[in-house]
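In: Coordinates for the following, if possible.
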Amino acid sequence: LDFLAYYGLRKLLIGVLPHPFCNPAVKGCGFCTFPHEPGNSGKSEQVVEAVIGEIRGRLKIQEDLQQRPVTALYFGGGTANLTAPAAFEKLCRALASSFDFSQAEVTLEGVPGDLDREPLLIDIMREHLPARRHRISMGIQSFAEPWLKKMGRLAFGDGETFRRVVELAHSRGLTISGDLLFNLPGQTLPEMHDDLRLATEIGLDQIGLYHLVLFERLGTEWSRDPELIAKLPSNEQAAENWGALRESL
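Out: Predicted structure coming up:
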């Protein structure tokens, strides 16, 4: 919560990281630079309790934030939807009692394969955080199964999973965004366009395009693979690819 928002000079945005856990088959999906660790529902429940404590502690320090109107609330961290349902419900209730979300957009970020797992976190979110709009943000990365396997993300879902989650979101009146990576090592421009076409065809309301961050000594799993490093496009080619994808969008 920044100074300008605190004094009412800028709209209030809230980002909540329920936990730092993620369980891909390849550490960090090979490319992820964010801090994270393997987890389970028991661990996430403990962290959620700590997050709720942080929220309540902040309101004691800044009492005039109580029931302040919020423009956007984002449950993020890449795998926020791996939160245990009971803990997520408790977190939603704590937020609802602390702020006014009636005019907010409330977003749940997560891995696709768990977004339609019962009990649905999106239903918990909608029930306990009445808002102007509810939204899902999912990391697709690629529709190509060889790349999903390379990332260790096959268990997180495939093209059919992505389509099913879009349909689920729309059936409940939510909007949904999907993130794609491009300029993967050795990936051709037609392959990038294929991902973009498929993302459009399944009906996403928003598409996020992310240029792969990869270079030697970055510290990620992929950065230790000389073959992958050697297949990266030049900066000039990477920029041309970006321009071509923008034209398509």
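
In: distance of residue 29 from residue 99?
Out: Residue 29 is 33 Å from residue 99, where distance means C-beta to C-beta, to the nearest Å. For glycine as for every other residue, the C-beta is placed from the backbone atoms N, C-alpha and C.

In: Of the two, which one has the most company?
Out: It is residue 29, of residue 29 and residue 99, that has more neighbours when counted by other C-beta atoms under 10 Å, with 24 against 21.

In: what does the helix or strand residue 60 falls within rub up against?
Out: Using DSSP states H and E, residue 60 maps to helix 41-61. With C-beta atoms under 8 Å, 6 or more residues apart in numbering as the test, helix 41-61 has contacts from 1, 16-21, 65-66, 82-84, 86-88, 90-91, 94-95, 98.

In: what do you get for stretch 104-112?
Out: With C-beta under 8 Å, 6+ apart as the criterion, stretch 104-112 contacts 22, 69-82, 115, 121-122, 125, 129, 131-140, 153, 156-157, 161-162, 165.

In: So which of those are in strands?
Out: 72, 73, 74, 75, 133, 134, 135, 136, 137, 138, 139, 140 (DSSP state E).

In: one step back: quick check: PyMOL command selecting the buried ones in the contacts of stretch 104-112.
Out: Buried members of the contacts of stretch 104-112, defined by 16 or more other C-beta atoms under 10 Å, are picked up in PyMOL with:
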select buried, resi 22+70+72+73+74+75+76+77+78+79+80+81+82+115+121+122+125+129+131+134+135+136+137+138+139+140+153+156+157+161+162+165
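
In: re earlier: send the alpha carbons of the helix holding residue 60 over as PDB?
Out: Taking only C-alpha atoms (Å, rounded to 0.1, in the frame of the first residue of the first chain), the coordinates of helix 41-61 have been written out as PDB:
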ATOM      1  CA  SER A  41      -2.100 -27.600   1.500                       C
ATOM      2  CA  GLY A  42      -0.800 -27.800   5.100                       C
ATOM      3  CA  LYS A  43       2.000 -25.400   4.400                       C
ATOM      4  CA  SER A  44      -0.200 -23.000   2.500                       C
ATOM      5  CA  GLU A  45      -2.700 -22.900   5.400                       C
ATOM      6  CA  GLN A  46       0.100 -21.800   7.700                       C
ATOM      7  CA  VAL A  47       1.200 -19.000   5.300                       C
ATOM      8  CA  VAL A  48      -2.300 -17.800   4.800                       C
ATOM      9  CA  GLU A  49      -2.700 -17.300   8.500                       C
ATOM     10  CA  ALA A  50       0.400 -15.200   8.500                       C
ATOM     11  CA  VAL A  51      -0.900 -13.200   5.500                       C
ATOM     12  CA  ILE A  52      -4.200 -12.500   7.400                       C
ATOM     13  CA  GLY A  53      -2.100 -11.400  10.300                       C
ATOM     14  CA  GLU A  54      -0.200  -8.900   8.100                       C
ATOM     15  CA  ILE A  55      -3.500  -7.500   6.700                       C
ATOM     16  CA  ARG A  56      -4.900  -6.900  10.200                       C
ATOM     17  CA  GLY A  57      -1.600  -5.600  11.400                       C
ATOM     18  CA  ARG A  58      -1.500  -3.000   8.600                       C
ATOM     19  CA  LEU A  59      -5.000  -1.800   9.400                       C
ATOM     20  CA  LYS A  60      -4.000  -1.200  13.000                       C
ATOM     21  CA  ILE A  61      -1.200   1.000  11.800                       C
END
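
In: Right, I'll call it a day here.
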